[in-house]
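>>> Need a 3D model of the sequence below.
(2 chains)
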Amino acid sequence: ENVLTQSPGTLSLSPGERATLSCRASQSVTSEYLAWYQQKPGQAPRLVIYGASSRATGIPARFSGSGSGTDFTLSISRLEPEDFAVYYCQQCGNSPETFGQGTRVEIK
Amino acid sequence: QITLKESGPTLVRPTQTLTLTCTFGGFSLSSSGVGVGWIRQPPGKALEWLALIYWDDDKRYSPSLRSRLIITKDTSKNQVVLTMTNVDPVDTATYYCAHRNIRLEYAFAIWGQGTMVTVSS
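Modelled structure (predicted):
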């Protein structure tokens, strides 16, 4: 199974700052199959990025994804209050599909 | 507009069988490229992928749960059913179903609200 390791576990930042989240895979992932989700307390996850770098419908331009192979990054250029949440990466390329353990972005 | 809603028991006894139903609207599971997956999340923990079924009846399972899971679809009822046998308290979680269209993106673009299942005697 392709294990996804996200870092850091928690990111403490202020509104307006830049957030950089990492997702490292134990096996290479085709970029088409790498996605990022945002989850707020008590809510279902929401797709943010698919295909490693494509924004999902309704996702603001301050969110961007990059990477290839085993290293992927989700960046939020200037944090807005509504961006503080937990973010998960997922690989859909190989069965079983797997999720990372999540990165919590909290208000400093 | 695509919608999904999970339903099932809120409390299940250990060793019993859990049956969860995902009822969806706004798409057909007989359309090429479409799939519905199940994902769960124990309280305070990360997401865990469980199973997935595609329009062509291709089925995928988590290897660690494969012996206990069955996923089926009923396209006439717009439902996907996940059956989990021999449940244990560690299966306590919120269970989500989610939609995918691989012609658009390899990801779960739309999720249900989730249903919380507690396994306890």
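>>> State the distance from residue A:88 to residue B:12.
Per Cβ to Cβ, to the nearest Å, residue A:88 is found 26 Å from residue B:12. Quick note: C-beta positions are derived from backbone N, CA and C, even for glycine.
>>> So between those two, which is more surrounded?
residue A:88 (24 against 21; other Cβ atoms under 10 Å in any protein chain shown).
>>> Tell me who's in contact with that one.
Counting by Cβ atoms under 8 Å, 6 or more residues apart in numbering or on different chains, residue A:88 makes contact with A:6, A:36-37, A:39, A:45, A:99-102, B:46-47.
>>> Let me have those residues in a markdown table, extended by pLDDT, secondary structure and distance to residue A:52.
Supplementary listing: those in a markdown table, determined by pLDDT from 0 to 100; DSSP: H, G, I helix; E, B strand; the rest coil; distance: Cβ to Cβ, whole Å:
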| residue | pLDDT | secondary structure | distance to residue A:52 |
| --- | --- | --- | --- |
| A:6 | 98 | strand | 15 |
| A:36 | 98 | strand | 9 |
| A:37 | 98 | strand | 13 |
| A:39 | 98 | strand | 19 |
| A:45 | 98 | coil | 17 |
| A:99 | 98 | strand | 15 |
| A:100 | 98 | coil | 14 |
| A:101 | 98 | coil | 19 |
| A:102 | 98 | coil | 18 |
| B:46 | 98 | coil | 20 |
| B:47 | 98 | coil | 18 |
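>>> Just the buried subset of these, written out for ChimeraX, thanks.
Selecting the buried subset of the contacts of residue A:88 in ChimeraX, with 16 or more other Cβ atoms under 10 Å in any protein chain shown as the burial test, is done by:
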select /A:6,36,37,39,45,99,100,101,102 /B:47
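>>> The spatially most central residue of chain B pairs with what?
For chain B, the residue nearest the mean C-alpha position is residue B:38 (2.7 Å; Cα atoms, centre = their mean). Beta-bridge pairing for residue B:38 (DSSP bridges): residue B:51, residue B:97.
>>> Distance-wise, check it relative to chain A.
11 Å (Cβ to the nearest Cβ, to the nearest Å).
>>> I figured that residue hits residue B:93, correct?
No. Assessed by Cβ atoms under 8 Å, residue B:38 is found out of contact with residue B:93, at 10.8 Å.
>>> Which helix or which strand is home to the nearest residue in space to residue A:72 that is not next to it in sequence?
Distances taken as Cβ to Cβ, 6 or more residues apart in numbering or on different chains place residue A:23 nearest to residue A:72, at 4.5 Å, with adjacent residues excluded. Taking DSSP states H and E as the criterion, residue A:23 maps to strand A:19-29.
>>> Report the mean confidence score over that strand.
Averaging pLDDT along strand A:19-29 yields 97.
>>> List the buried residues in that strand.
A:19, A:21-25, A:29.
>>> Check the gap between residue B:27 and residue B:62 for me.
In terms of Cβ to Cβ, residue B:27 sits 24 Å off from residue B:62.
>>> Please say which of those two ends up with more neighbours.
Set residue B:27 next to residue B:62 and count neighbours by other Cβ under 10 Å: residue B:62 wins out with 21 against 18.
>>> how about the residues of chain B that lie near chain A?
B:37, B:39, B:46-49, B:52, B:60-63, B:96, B:100, B:105-114 (Cβ under 8 Å from any Cβ of the partner chain).
>>> Let's see that with 7 Å instead.
Within reach of chain A by Cβ under 7 Å from any Cβ of the partner chain, chain B has these residues: B:46-49, B:60, B:62-63, B:96, B:105-109, B:111-114.
>>> Among those residues, which are located in strands?
When DSSP state E is applied, the residues of chain B next to chain A are split such that B:48-49, B:60, B:96, B:105-109, B:111 fall in strands.
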